[in-house]
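Undergrad: following is a predicted model, sequence given first.
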Amino acid sequence: MKPINQKEINAAYRKFIISFTLLLLIALSSLFLYLKASEKEYVILKEQYEEVENLMNARTDINRQFAQINQYFRDIGQGDADMSAVARKRVLQNEIAKGSGHIGRVIDGLKVDSGRASLKLYRRLNKDILLVSRLQDSLFSTKNVIESKRMQLQSCITMNNQINKVVNQGSIVGR
């Protein structure tokens, strides 16, 4: 004995199994896509982290170089015009040029957007360092020339005063 609604019951079972299977496939595919997206997101975040880490290390290195160059400028500004100070200042200017070159290489070696404001600032500061170094050298050379001329002038004044003294003594004795 079969029930009267056997066709309807079988159709409902088939409809339920098809709907359940479709829903299960959608749920499993959603879970799979979620896990795949998480994996891709992790890779992207890891790349961004490495980029930021490299940028931070480069900025630390650049800031250390700028601090060292600043100290070199302070050392250049001190001292006299004797030969050892001149030689020391030349060495310090060479160190400034090396530091500036190192900064340029670090900036060029970064694999980040070169349009970042901080990198533009670092490039500009690096160019300005070279200009200031050249100006410092020129000012130091000018200072040495002025000091030399001042010493020559002082020597001439001293010599002139001695000659005037001798001439005045001679004219007084001759009268």
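TA: Looks like it arrived, so ask away. The shown structure was predicted, so the numbers you read here are calculated from the model rather than taken from an experiment.

Undergrad: flag the shaky bits of this structure, pLDDT-wise.
TA: For the chain, applying pLDDT under 70 flags the ranges 1-4, 79-83, 112-115, 171-175.

Undergrad: longest helix in it, please.
TA: If you go by DSSP state H, the chain has its longest helix at helix 6-77.

Undergrad: which other helices and strands does it contact?
TA: helix 83-109, helix 117-174 (3 or more C-beta pairs under 8 Å, 6 or more residues apart in numbering; DSSP states H and E). Just so you know, the C-beta spots here come from the backbone N, C-alpha and C atoms, and that holds for glycine as well.

Undergrad: can you redo these as a markdown table with mean neighbour count and distance to Ala58?
TA: A markdown table is the format used below for these (neighbours: other C-beta atoms under 10 Å; distance: least, C-beta to C-beta, whole Å):
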| stretch | mean neighbour count | distance to Ala58 |
| --- | --- | --- |
| helix 83-109 | 15 | 5 |
| helix 117-174 | 12 | 9 |
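
Undergrad: same list (the ones you listed) but as CSV, adding distance to Ile69.
TA: Shown next, in CSV, are these (distance: least, C-beta to C-beta, whole Å):
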stretch, distance to Ile69
helix 83-109, 5
helix 117-174, 6
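
Undergrad: between those helices, which gets nearest to Ala27?
TA: Closest approach to Ala27 among the helices and strands packed on helix 6-77 (C-beta to C-beta): helix 117-174, 46.9 Å.

Undergrad: quick one: that closest one to helix 6-77, angle?
TA: 0 degrees (axes from the mean of the first three to the mean of the last three C-alpha atoms, to 10 degrees).

Undergrad: the helices and strands packed on helix 6-77: which one's closest to Leu45?
TA: Closest among the helices and strands packed on helix 6-77, using C-beta to C-beta: helix 117-174, at 21.7 Å.
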